[in-house]
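Colleague: Please work out how this folds:
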Amino acid sequence: QYPVFLFSVQPPLKAVKNPVNPARRYDTLSYLFLFSAFSIFGWILETLLQLITGGIWTAEPILTGPWLPLYGAYGVLSLLLFRRLYRKPVITFILNVLLYSVLEYFSSLAIELLTGIRVHDYSNFFLNLGGRIYLGGSVSFAIIGCAFLYYLAPRWTDRYMKLGHSRRVALCVILYALFTADVIFSFWLIFT
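Modeller: Just a heads-up that it's a prediction; the model follows:
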């Protein structure tokens, strides 16, 4: 006869429950933090990609600091628009492709109109639209967007929320002061 007490042994809750909740709610301070975190993450990712593919480290043509605001805007918009669709990953992925394509196209156009600098030229890539976006870039960026939505944003927000409220506010103030100073300095360099 099988011992009855073995049926009553329950695994710990951590073993059963997913530690990352993609459907979690975010407050305004978290969105502000995540914009900066995604922007810095994007800069690190792009820099590593340039080092791996080209073997050299080249600075971004617009901002001088470690920021890629396209990543930040894309990550926050993805959370705002698609957080409730997390149970439908295929639809979320397709919507991320569309969101990135629209953001990349219009940000590239706006930067070129404002500064005269063409940030990226994808004319040599397959299925490009005016050299501003291409299908491969949109698909790879959507994979990163799904990683933001399903894992990075909830995990980073959990860590961020462990700080006290005053520390969270101070961190956001410092990050945005540095970002604003970088934007002002970078545009001063471009237009002088």
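
Colleague: Can you give me the pLDDT of the nearest residue to residue 82 once chain neighbours are set aside?
Modeller: Leaving out its chain neighbours, the residue that sits closest to residue 82 by CB to CB, 6 or more residues apart in numbering is residue 92, at 5.1 Å. All C-beta spots, glycine's among them, are computed from the backbone N, C-alpha and C. For residue 92, the model assigns a pLDDT of 93.

Colleague: show me the contacts for residue 92.
Modeller: For residue 92, the contact set (CB atoms under 8 Å, 6 or more residues apart in numbering) comprises 82, 85, 86, 146, 149.

Colleague: Would you confirm that the fourth one contacts residue 97?
Modeller: It stands for residue 146. No: the pair residue 146 / residue 97 is not scored as a contact, 10.1 Å apart, by CB atoms under 8 Å.

Colleague: which parts of the helix or strand containing the residue nearest to residue 82 are buried?
Modeller: Applying DSSP states H and E as the criterion places residue 92 in helix 89-115. For helix 89-115, burial by neighbour count (16 or more other CB atoms under 10 Å) applies to 92-93, 95-97, 99-101, 103-104, 107-108, 111.

Colleague: Please apply the same query to stretch 71-87.
Modeller: 71, 72, 73, 74, 75, 76, 77, 78, 79, 82, 83, 86.

Colleague: CA-only coordinates of it, as PDB, when you get a sec.
Modeller: Extracted in PDB, the C-alpha atoms of stretch 71-87 (Å, rounded to 0.1, in the frame of the first residue of the first chain):
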ATOM      1  CA  TYR A  71      14.200  51.700 -27.500                       C
ATOM      2  CA  GLY A  72      12.700  53.500 -24.500                       C
ATOM      3  CA  ALA A  73       9.700  54.800 -26.400                       C
ATOM      4  CA  TYR A  74       9.200  51.500 -28.100                       C
ATOM      5  CA  GLY A  75       9.400  49.600 -24.800                       C
ATOM      6  CA  VAL A  76       7.000  51.900 -22.900                       C
ATOM      7  CA  LEU A  77       4.500  52.000 -25.800                       C
ATOM      8  CA  SER A  78       4.600  48.200 -26.100                       C
ATOM      9  CA  LEU A  79       3.800  47.900 -22.400                       C
ATOM     10  CA  LEU A  80       1.000  50.500 -22.600                       C
ATOM     11  CA  LEU A  81      -0.600  49.000 -25.700                       C
ATOM     12  CA  PHE A  82       0.000  45.300 -25.500                       C
ATOM     13  CA  ARG A  83       0.300  44.300 -21.800                       C
ATOM     14  CA  ARG A  84      -3.300  43.000 -21.800                       C
ATOM     15  CA  LEU A  85      -2.600  40.800 -24.900                       C
ATOM     16  CA  TYR A  86       0.200  38.800 -23.200                       C
ATOM     17  CA  ARG A  87      -1.900  35.600 -23.400                       C
END
